[in-house]
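A.B. asks: my questions are about this predicted structure, shown below with the sequence.
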Amino acid sequence: MDPVTESLGELHGRLSGLTEGEVASYIPQLAGADPADFGLALTSMAGHRYQAGQADTRFSIQSVSKPFVYALALSDLGPAEMLRRVGAEPSGEAFNAISLEPHTGRPANPMVNAGAIATTALVAAAGPAERSARILDWLSAFAGRRLDHDEEVYASEAATGDRNRALAYLMRSAGSLAGDPHVVTDTYFRQCSVRVTAADLAVMAATLAKGGVNPVTGRRAVSQDVAVRTLAVMATCGMYDGAGEWLLNVGLPAKSGVSGGLIAASPGRFGVAVYSPPLDPEGNSVRGVAALTEMSARYALHLMHAPVHLTATVTDTVHAARSARERAPGERAALDRDPRRIAVVGAQGDLEFTETEQLLTAVQAAAPATPGGVVLDLTAVTAVGSGPATMLARSLAGLEARGHQVAVALQQPFLEQVDAHPGRWVATREEAVAWCEDRFLDG
């Protein structure tokens with residue numbers, strides 16, 4: 001098992017025991033969700049996908065759709081007109097509060113229901129059917145696969161959506177909503193009923209984190225400028241009246257939904273998603289908040305902490321290395337006959353999540369198919385975070401379990417941050433390769 005999946009699995013197993021929170025019931029169809037369901041998914045900038053638990057369980061996207069539809073309307077109207085129609089200030093109120101600007105009726109931001117309804121109405125289309133179709137196509141492009149609607153959730157939401165209709169009528173009376181409030185809210189209900197999985201949402205979040213390019217399909221879903229503005233609104237408004245505390249403690253652009261979905265984007269690193277129906281008083285997934293809070297701390301993901309890396313992490317890969325050590329003719333001949341090979345992967349710079357994930361992907365690709373030697377050259381590495389150090393240690397332990405001789409060349413004892421220290425630690429790459437050769441000769 002790769003160390004990212006292992007880390008998600010450990011987190012899932014530990015947080016599954018959280019029993020706080022209540023499943024949303026104001027939309028009757030949501031009340032039937034299993035409170036024990038809990039899925040975690042992560043998609044890296046390289047398009048690698050990891051998951052644990054019920055990450056493939058389908059549920060309605062609900063308010064997690066809001067940032068993506070905002071990106072669509074923003075693409076249609078441009079930033080100035082979008083801001084004129086829908087604000088970008090945290091409301092400090094619940095998601096379904098009446099957050100309208102005095103005198104104009106402009107909604108506070110596109111993440112609360114009033115702002116989301118207004119945003120849906122701003123999506124360019126000849127009519128409601130075309131608008132719904134555009135929204136579904138748009139969400140599907142972010143997910144990298146064709147999505148569909150949960151018709152039962154849509155019917156349930158439409159039957160009980162009077163408060164949202166009331167918000168629409170208030171905006172219409174204030175002049176801030178164009179179109180029939182009943183028709184606009186019906187389109188909004190269909191938007192919220194789109195079916196996704198946590199795995200889908202991780203790809204969608206990763207697309208924003210990669211500046212609008214879907215890392216799985218390689219296709220651009222939205223411009224980089226729109227992706228940046230969308231992430232900014234998520235950071236300040238995505239967690240409703242808990243947004244300030246979220247930004248302080250977690251520091252990632254995020255968006256929650258009442259069906260139990262929660263996404264977060266770590267720009268330039270990955271997109272992550274959680275599905276767990278029990279919600280806290282602010283309407284956010286209890287397990288989701290706990291999981292992302294811990295992940296942010298573990299991998300130093302807070303926006304105010306993120307450094308900029310301008311150099312490649314993996315410096316070189318050697319698939320069949322030999323040392324320059326002086327050896328007797330018989331030993332050299334024995335090594336030349338030995339089918340086992342020694343792979344070397346070098347790295348440089350600071351190792352945080354993205355850099356470590358890239359390095360470990362290179363190590364797994366270079367490792368011999370049958371037991372041999374693996375050398376990790378960290379002599380040019382300048383820092384390793386505690387979470388990445390654990391990822392490295394677990395990956396090296398996995399290589400040893402597969403029968404490989406593992407050696408690490410490093411100038412500083414970065415991996416002393418973890419309990420287990422797999423492999424042989426030496427000062428230079430040459431020593432590491434020679435040590436693997438010695439093991440072959442001894443065996």
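C.D. replies: Done, it's in. Predicted model only: the values in this text are computed from it and were never measured. Numbers count the residues shown, from 1 in each chain.
A.B. asks: domain parsing for the protein?
C.D. replies: What the record gives for the chain is the domain set 3-305, 314-442, from automatic domain parsing.
A.B. asks: which of these is buried the deepest?
C.D. replies: Ranked by mean neighbour count under mean count of other C-beta atoms under 10 Å, the domains of the chain are led by domain 3-305, which reaches a mean of 21. Every residue, glycine included, has its C-beta placed from N, CA and C.
A.B. asks: run the chain-centre distance for that one.
C.D. replies: 13 Å (C-alpha atoms, centre = their mean, to the nearest Å).
A.B. asks: rounded mean pLDDT for that domain, please.
C.D. replies: For domain 3-305, mean pLDDT is 93.
A.B. asks: how about stretch 399-417?
C.D. replies: Per-residue scores along stretch 399-417 average to 86.
A.B. asks: contact partners of it?
C.D. replies: Contact with stretch 399-417 is made by 342, 351, 363, 367-368, 370-379, 381, 383-384, 386, 389-390, 392-393, 396, 421-429, 431-433, 435-436, 439-440, as judged by C-beta atoms under 8 Å, 6 or more residues apart in numbering.
A.B. asks: same question, stretch 224-232
C.D. replies: So stretch 224-232 is contacted by 67-68, 70-71, 74-75, 79, 88, 207-209, 211-212, 222, 253, 265, 267 (C-beta under 8 Å, 6+ apart).
A.B. asks: export whatever helix or strand Leu360 lives in to PDB, keeping only CA atoms.
C.D. replies: For Leu360, the host element (DSSP states H and E) is helix 353-366. Below are the C-alpha coordinates for helix 353-366, written out as PDB (Å, rounded to 0.1, in the frame of the first residue of the first chain):
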ATOM      1  CA  PHE A 353       3.500  16.800   0.600                       C
ATOM      2  CA  THR A 354       3.600  17.400  -3.200                       C
ATOM      3  CA  GLU A 355       7.400  17.000  -3.300                       C
ATOM      4  CA  THR A 356       7.300  13.800  -1.300                       C
ATOM      5  CA  GLU A 357       4.500  12.400  -3.300                       C
ATOM      6  CA  GLN A 358       6.400  13.000  -6.500                       C
ATOM      7  CA  LEU A 359       9.600  11.500  -5.000                       C
ATOM      8  CA  LEU A 360       7.800   8.400  -3.800                       C
ATOM      9  CA  THR A 361       6.100   7.900  -7.200                       C
ATOM     10  CA  ALA A 362       9.500   8.000  -8.800                       C
ATOM     11  CA  VAL A 363      10.900   5.500  -6.200                       C
ATOM     12  CA  GLN A 364       8.000   3.100  -6.800                       C
ATOM     13  CA  ALA A 365       8.500   3.400 -10.600                       C
ATOM     14  CA  ALA A 366      12.300   2.800 -10.300                       C
END
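A.B. asks: for it, name the packing helices and strands.
C.D. replies: Other helices and strands packing on helix 353-366, by 3 or more C-beta pairs under 8 Å, 6 or more residues apart in numbering; DSSP states H and E, are strand 270-275, strand 314-318, strand 342-351, strand 373-384, helix 386-401.
A.B. asks: that helix: how far from the chain's middle?
C.D. replies: Worked out by C-alpha atoms, centre = their mean, helix 353-366 lies 17 Å from the chain centre.
A.B. asks: how is the residue nearest to Pro253 when sequence neighbours are not counted assigned, secondary-structure-wise?
C.D. replies: Residue nearest to Pro253 in three dimensions, not counting chain neighbours: Met234, with 3.7 Å by C-beta to C-beta, 6 or more residues apart in numbering. Using DSSP: H, G, I helix; E, B strand; the rest coil, the structure places Met234 in helix.
A.B. asks: just to revisit the earlier point, show me the contacts of stretch 224-232 that map onto strands.
C.D. replies: Residues of the contacts of stretch 224-232 located in strands (DSSP state E): Ala265.
A.B. asks: list the ones among the contacts of stretch 224-232 that fall in helices.
C.D. replies: Pro67, Phe68, Tyr70, Ala71, Leu74, Ser75, Pro79, Thr207, Leu208, Ala209 (DSSP state H).
A.B. asks: export stretch 49-62 to PDB, keeping only CA atoms.
C.D. replies: Listed next in PDB are the C-alpha coordinates belonging to stretch 49-62 (Å, rounded to 0.1, in the frame of the first residue of the first chain):
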ATOM      1  CA  ARG A  49      -5.900   9.300  -6.900                       C
ATOM      2  CA  TYR A  50      -6.000   8.000  -3.300                       C
ATOM      3  CA  GLN A  51      -9.000   7.100  -1.100                       C
ATOM      4  CA  ALA A  52     -10.200   5.300   2.000                       C
ATOM      5  CA  GLY A  53     -13.600   4.200   3.300                       C
ATOM      6  CA  GLN A  54     -16.800   5.000   1.400                       C
ATOM      7  CA  ALA A  55     -15.200   7.300  -1.200                       C
ATOM      8  CA  ASP A  56     -17.200   5.800  -4.000                       C
ATOM      9  CA  THR A  57     -20.600   6.100  -2.300                       C
ATOM     10  CA  ARG A  58     -22.800   8.400  -4.400                       C
ATOM     11  CA  PHE A  59     -24.700  11.400  -2.800                       C
ATOM     12  CA  SER A  60     -26.100  14.700  -3.900                       C
ATOM     13  CA  ILE A  61     -23.600  17.500  -4.200                       C
ATOM     14  CA  GLN A  62     -25.800  20.200  -2.600                       C
END
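A.B. asks: the residue nearest to Pro253 contacts Ala265, correct?
C.D. replies: Yes. If you go by C-beta atoms under 8 Å, Met234 and Ala265 touch, sitting 7.2 Å apart.
A.B. asks: which neighbours do these two share?
C.D. replies: Contacts common to Met234 and Ala265, judged by C-beta under 8 Å, 6+ apart, are Leu208, Pro253, Ala254.
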